[in-house]
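Novice: Dropping a prediction and its sequence here:
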Amino acid sequence: MRQKILYGLCLAAVLLLGRNLAVMLLELPDEAAQGAIYRIIFFHVPAAWTAFVGFFAALVASVIYLAGKNLRYDALAVAVTEVGLAFATVNLVTGMIWGRIIWGIWWTWDPRLTSMLVCWLLYAGYLMLRRAVEEPTQRAKVAAVFSIFAFADVPIVWFSIKWWRTQHPQPVVWGGGSMDPAMWRMLFLNWVPLLLLFGVLAALRMRQEQAQREMDALRRQAHAL
Amino acid sequence: MDSRNFTFLVYGLVAAWLILFAYVAAVAARERKISREIENLKQILKDQKGN
């Protein structure tokens, strides 16, 4: 039953993404200066929001793990971090492709870009750290502390375009940027399927983490016999 | 639709989808590997208990 719900949500996400893509290409108004490339924003920005939702969920799960030492929350933290990192990769790569056309360069050490790259590296480091520690409770504790510290970079990424003069465009949400109402709607409409995908993938990864623990227990049993 | 920079829009969309598909494929591969290993371990335990 749970499997069917996950497949259903995944299908809904894919259908919504397809529908949104058609609306983006066929119905949305053009942007005066950028040409077609501006439409990348409908993936670039929602992918960043989705990644931040994942990193925030990892922060909450890590705090709950440290408070109660329940390994379910450690599984939740690793699941949402890994899926969040995939969306952060989408954000960075789509941003680089947009930058190549609009700025004429793939990358610049601008505060927004740099802080986002640091964020990506921190959470990639979190996943590598987990591989380095063998003992499950020790691994969960170290990873939870690291995740809490890593989250400190997320507000820096978010506010970097307000705090420093940057090459990156001003924020369209709670900032100086402005957009056509139809573009606004699309920004949020395209966030919905990405959030659905995030939920499905995080649920699958969490189940895998629990299966991994079952596997470790079976291994210990096999060695004991 | 204004077709300026359309090629790079396609690159961006393809990149976004490819990253997500690659990740989904990695998750699916891990799922298969874990199920296979659990089955193997259960079989080993069953054999060991039988001996």
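Specialist: Perfect, thanks for sending it. Residues are numbered from 1 along each chain as shown, chains lettered A, B, ... in the order given.
Novice: Next to chain A, which bits of chain B? Give me the list.
Specialist: For chain B, the contact set with chain A under C-beta under 8 Å from any C-beta of the partner chain comprises B:1-6, B:8-9, B:11-13, B:15-16, B:19-20, B:23-24, B:27, B:30-31, B:34-35, B:37-38, B:41-42, B:44-45, B:48-49. (Each C-beta comes from the backbone N, C-alpha and C, glycine too.)
Novice: how about low-confidence regions in the chain?
Specialist: You didn't pick a chain, so chain A it is. For chain A, applying pLDDT under 70 flags the ranges A:171-177.
Novice: meant chain B actually
Specialist: B:51.
Novice: ranges for the strands of it?
Specialist: Along chain B, counting by DSSP state E, no stretch forms strands.
Novice: OK, now which residue of it is nearest to chain A?
Specialist: Nearest to chain A in chain B, going by C-beta to the nearest C-beta, is B:Arg4, at a distance of 2.7 Å.
Novice: Could you find the closest non-adjacent residue to that residue?
Specialist: A:Gly35 (2.7 Å; C-beta to C-beta, 6 or more residues apart in numbering or on different chains).
Novice: so the one you found sits right up against A:Ile102, yeah?
Specialist: No: judged on C-beta atoms under 8 Å, A:Gly35 makes no contact with A:Ile102 at a distance of 9.6 Å.
Novice: ok so, going back, of the residues of chain B next to chain A, buried ones?
Specialist: Burial by neighbour count, 16 or more other C-beta atoms under 10 Å in any protein chain shown: within those this picks out B:4-5, B:8-9, B:11-13, B:15-16, B:19-20, B:23-24, B:27, B:34, B:41.
Novice: just checking, which of those residues belong to helices?
Specialist: Judged by DSSP state H, helices contain the following of these: B:8-9, B:11-13, B:15-16, B:19-20, B:23-24, B:27, B:34, B:41.
Novice: For A:Leu25, state which of the residues you listed is nearest.
Specialist: Of all those, B:Leu9 has the smallest distance to A:Leu25: 8.7 Å, by C-beta to C-beta.
Novice: Grab the nearest non-local neighbour of that closest one.
Specialist: Nearest residue to B:Leu9, sequence neighbours excluded (C-beta to C-beta, 6+ apart): A:Ala36, at 4.5 Å.
Novice: Nearest to chain B: which residue in chain A?
Specialist: In chain A, the residue that lies nearest chain B is A:Gly35 (2.7 Å; C-beta to the nearest C-beta).
Novice: For that residue, which residues are in contact?
Specialist: By C-beta atoms under 8 Å, 6 or more residues apart in numbering or on different chains, the residues touching A:Gly35 are B:Asp2, B:Ser3, B:Arg4, B:Asn5, B:Phe6.
Novice: Please apply the same query to A:Ile148.
Specialist: Taking C-beta under 8 Å, 6+ apart, one finds A:Leu59, A:Ser62, A:Val63, A:Leu66 in contact with A:Ile148.
Novice: got a winner among those for most neighbours?
Specialist: Of all the contacts of A:Ile148, the highest neighbour tally under other C-beta atoms under 10 Å in any protein chain shown goes to A:Ser62, namely 28 neighbours.
Novice: No further queries at this time; thank you.
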